[in-house]
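Engineer: Here's a sequence, model it:
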Amino acid sequence: MKRRHFLGLSIASLLASGSAIAAEDASGLPAIRSHTFTVPARIETSARDGGERLYISDGKQSFQFFYASHDTGRRLSPFPFVLEAGKTYMFTVEERPLPSLVRIREEGAKEENNAPDYFWTPVLIRVVDGDVALFDMEVCELHKCRMERREVPITYGLIRVQRGLPTLEQEKELFPHRRDYVLGGCIVMPGKKTETMYICPECRTAYEAWRKANPEPTD
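Structural biologist: Alright, predicted model coming up:
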């Protein structure tokens, strides 16, 4: 199987979900690769869009992540932490195989077109400062409890916010890990119907309490 190493930008929901670690899944993709680095944090501002990028590199391997933006006059970041540029942290990064569009559109003809079957997409899993964990994908940043890792269905297509349901801002503030499904976007991945992600039981309880306090409108 041909492959390409892709150092992409990991944002919001990518960081909130996880994938099962196995030799190969039903779609024929390889296993997740895990790396741990103890290196200084390098944060740079993009001249193109003004957004901040976090670079993690040990001289042999390098990964970059979207770190923050200031488009609305306030700092917005997919991460619940702020790093000091130049300070040394321990980072854990997973590389997850993502099927390429060529594979999706031309299944069965990929060997002839000499195109990669998949790209490696980096996901930041953990950041540790000395003995303090600043970020851990397995721990809910709101309730500070360890979350449950479950296999959940992937929902493809355009998802519209329905009346009576919380907004994305409310979910992030009140129950960021309550969902038991993954939004897969508009492109259906062949053979990919489920994903493994982390769910917080406290977020689920908070969501049920919110639903009772905010019943769906009847008109």
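Engineer: The closest residue to Arg75 other than its chain neighbours bridge partners, please.
Structural biologist: Distances taken as C-beta to C-beta, 6 or more residues apart in numbering place Ala68 nearest to Arg75, at 5.4 Å, with adjacent residues excluded. In this view, the C-beta of every residue, glycine as well, is placed from N, C-alpha and C. When bridges are called by DSSP bridges, Ala68 pairs up with Glu52.
Engineer: Do you know the pLDDT at Ala68?
Structural biologist: Here the pLDDT value assigned to Ala68 is 92.
Engineer: My guess is it contacts Leu76. True?
Structural biologist: Yes: using C-beta atoms under 8 Å, Ala68 is in contact with Leu76, at 6.5 Å.
Engineer: what about those two, which has more around it?
Structural biologist: Neighbour count, other C-beta atoms under 10 Å: between Ala68 and Leu76, Ala68 has more, with 16 against 12.
Engineer: Quick check: that one vs Ala133, distance?
Structural biologist: Ala68 sits 20 Å away from Ala133, going by C-beta to C-beta, to the nearest Å.
Engineer: What of Tyr156?
Structural biologist: Going from Tyr156 to Ala133 by C-beta to C-beta gives 34 Å.
Engineer: Can you name the helix or strand that Ile187 falls in?
Structural biologist: For Ile187, there is no host helix or strand (DSSP states H and E).
Engineer: which stretches of this protein have low pLDDT?
Structural biologist: 1-27, 100-116, 161, 190-191, 219 (pLDDT under 70).
Engineer: which secondary structure elements does the helix ranked longest in it contact?
Structural biologist: In the chain, with assignment by DSSP state H, the single longest helix is helix 201-213. Under the contact criterion of 3 or more C-beta pairs under 8 Å, 6 or more residues apart in numbering; DSSP states H and E, helix 201-213 touches helix 168-174.
Engineer: can you map out the strands along this protein?
Structural biologist: Using DSSP state E, the strands of the chain run over 33-40, 42-45, 52-57, 62-68, 88-99, 118-129, 132-136, 148-156, 182-185, 194-199.
Engineer: in the last one, what counts as buried?
Structural biologist: In this case it means strand 194-199. If you call a residue buried by 16 or more other C-beta atoms under 10 Å, then strand 194-199 has these buried ones: Thr194, Glu195, Met197, Tyr198, Ile199.
Engineer: what do you get for the first one?
Structural biologist: Within strand 33-40, the residues that qualify as buried are His35, Phe37, Pro40, counting by 16+ other C-beta under 10 Å.
Engineer: Now do the contacts for the first one.
Structural biologist: So that's His35. Contacts for His35 (C-beta atoms under 8 Å, 6 or more residues apart in numbering) come out as Gln61, Thr92, Val93, Glu94, Glu95.
Engineer: The last one pairs with what?
Structural biologist: Think Glu95. Counting by DSSP bridges, Glu95 is bridged to Arg33, Pro122.
Engineer: doesn't Thr121 make contact with it?
Structural biologist: Yes: the pair Glu95 / Thr121 is scored as a contact, 7.0 Å apart, by C-beta under 8 Å.
Engineer: between those two, who's got more neighbours?
Structural biologist: Neighbours were counted for Glu95 and for Thr121 using other C-beta under 10 Å; Glu95 has more, 21 against 16.
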